[in-house]
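Undergrad: Sequence and predicted model, in that order:
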Amino acid sequence: MEYIFGRRRLVVKSGTNDSFELLFLIWKIIGVEHSRSYGFFQLFHVFCCWALLLYSPAAYNMGFLRALKTLPMASALNILQTDINVSILLFKVVIIKFHLKRLRSLRDIFKRLDERYHNPEERAQIDESVAICRRIIYIYIFVYFTFAFLSWITAIMAGELIYSLWLPFVELIPHQGWQYWARFSVEAFYLYFLILVCLICDVYPAVYIRAIRTHVHLLAGRISRLGSNPDLSAEENHQELVDCILSHQELMRVVEVVSAVTSLTLFLQFTVAAMILCVCMLNALIFADRAGQIMTVGYYMGVLLQTGGACFQASMLEAECVKLPLAIFHCQWLNLDRHSRSLLTFFMQRAQSKGNPLKFTPDVLALSTNNE
């Protein structure tokens with residue numbers, strides 16, 4: 001538990017890439033990430049995962065249509081809330097799959113960025129960032145799987161199915177009792193699988209943005225110390241400035257890749273949240289009883305969490321990016337030579353060239369760290 005929550009330092013020096021290990025592990029579990037060599041069992045695993053993903057919209061949509069005829073409207077709208085989320089989930093997974101190779105390529109950039117920091121305080125910040133990223137993932141796992149547990153435990157206590165999915169092969173079982181438990185078991189398994197897929201699609205933007213935040217903060221600290229060490233020569237100070245500029249450029253490459261993926265998946269999730277809000281308001285104000293209203297509001301709070309983590313980290317990234325030009329301005333630039341001061345002025349202009357690190361447009365949510 002100390003390892004999970006970051007209360008104990010690792011014996012082996014950690015790096016930023018350790019923040020993403022659990023992400024890639026979950027992507028491998030759901031069939032998105034794969035090893036270079038395909039075996040029969042791995043191919044079968046990938047096939048089953050994608051078959052479940054491809055079938056999920058049909059299972060939930062048909063289940064909702066049947067629920068309209070057999071269940072009260074409040075229960076049918078509860079199914080519709082999940083149906084909307086599941087219908088968009090496949091598109092988010094396809095986007096991540098398409099960009100996964102680019103996300104994997106960021107490992108080399110983060111490794112180079114980590115190698116520039118040897119100070120114990122700087123290494124401690126990287127270790128703390130890794131611990132926070134792991135905490136974010138485990139918080140999402142706890143919340144999402146708690147929702148899954150409450151869903152099936154409520155259904156089993158009421159003697160009902162979880163979401164009344166369309167499962168034609170299971171419905172062929174003649175015995176009603178066996179059919180119920182078979183359908184319930186399949187729905188519970190399906191629920192946990194889709195919860196895991198939804199979890200990873202929602203948590204990865206927050207984790208990557210948190211890692212970027214750490215390196216923006218570390219870069220601002222390095223820049224603020226330029227010219228403050230009297231033991232360094234003019235050439236060494238100039239080389240340190242050049243290295244800071246290179247770090248900034250590499251951060252730009254990271255942001256370019258991360259924004260290409262997160263902008264699409266977050267936009268889809270904002271659209272889903274708006275649609276679910278309409279359904280929740282309709283259900284809570286017209287059809288649901290008092291207990292149903294509480295459950296509907298609780299469900300929508302969970303929907304807000306799907307984008308809440310990324311939005312919070314993006315807001316904090318914006319605050320970190322504002323500090324970068326200030327660090328350039330407040331460094332000991334008078335102790336630098338003329339060439340370094342000219343380069344520093346150019347660097348500051350580039351760092352201020354865009355006002356907002358977070359920019360929303362109708363078709364994209366784009367992250368930037370103040371660079372053209």
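TA: Received, thanks. In this text, all values refer to a predicted model and were calculated from it rather than measured experimentally. Numbering: from 1, shown residues only.

Undergrad: Not counting its neighbours along the chain, what's nearest Glu33?
TA: Nearest residue to Glu33, sequence neighbours excluded (Cβ to Cβ, 6 or more residues apart in numbering): Trp27, at 3.8 Å. For every residue, glycine as well, the C-beta is placed using N, CA and C.

Undergrad: what's around the one you found, how many residues?
TA: Trp27: 23 surrounding residues under other Cβ atoms under 10 Å.

Undergrad: so who does it touch?
TA: 33, 96, 100, 200 (Cβ atoms under 8 Å, 6 or more residues apart in numbering).

Undergrad: Surely the third one and Val32 touch.
TA: So the one you mean is Leu100. Yes. Contact status for Leu100 versus Val32: in contact at 6.4 Å, counting by Cβ atoms under 8 Å.

Undergrad: Looking at the two, which one has more neighbours?
TA: Taking other Cβ under 10 Å, Leu100 and Val32 do not tie; Val32 has more neighbours (21 against 16).

Undergrad: Just confirm the more buried one is within a strand.
TA: No. Counting by DSSP: H, G, I helix; E, B strand; the rest coil, Val32 is located in no strand; its state is coil.

Undergrad: Can you tell me the SS state at the residue lying closest to it once chain neighbours are set aside?
TA: Among residues not flanking Val32 along the chain, Lys97 sits closest, at 5.2 Å (Cβ to Cβ, 6+ apart). Under three-state DSSP, the three-state class of Lys97 is helix.

Undergrad: Tell me how far the closest residue to Tyr299 other than its chain neighbours lies from Ala67.
TA: Once flanking residues are discounted, Tyr299 sits nearest to Gln81: 6.0 Å by Cβ to Cβ, 6+ apart. As judged by Cβ to Cβ, to the nearest Å, Gln81 and Ala67 stand 12 Å apart.

Undergrad: likewise Asn17?
TA: Taken as Cβ to Cβ, the span from Asn17 to Ala67 is 45 Å.

Undergrad: Cross-check the contact I'm expecting between Arg112 and Glu250.
TA: Yes. Using Cβ under 8 Å, Arg112 is in contact with Glu250, at 6.5 Å.

Undergrad: Which of Asn17 and Ala67 has more residues huddled nearby?
TA: Taking other Cβ under 10 Å, Asn17 and Ala67 do not tie; Ala67 has more neighbours (22 against 17).

Undergrad: so Val143 touches Leu304, yeah?
TA: No. Counting by Cβ under 8 Å, Val143 does not reach Leu304; the two are 11.4 Å apart.

Undergrad: follow-up on the earlier one: tell me which helix or strand the residue nearest to Glu33 sits in.
TA: Per DSSP states H and E, Trp27 falls inside helix 21-29.

Undergrad: List the buried residues in the helix or strand just after that helix.
TA: Later in the chain than helix 21-29, the nearest helix or strand by DSSP H and E is helix 40-70. Along helix 40-70, these residues count as buried under the neighbour rule (16 or more other Cβ atoms under 10 Å): 45-46, 49-50, 52-53, 56-57, 59-64, 67.

Undergrad: which ones are touching Phe91?
TA: Leu268.

Undergrad: Sorry, wrong one. I was asking about Tyr60.
TA: So Tyr60 contacts 79, 82-83, 86-87, 163, 165-166 (Cβ under 8 Å, 6+ apart).
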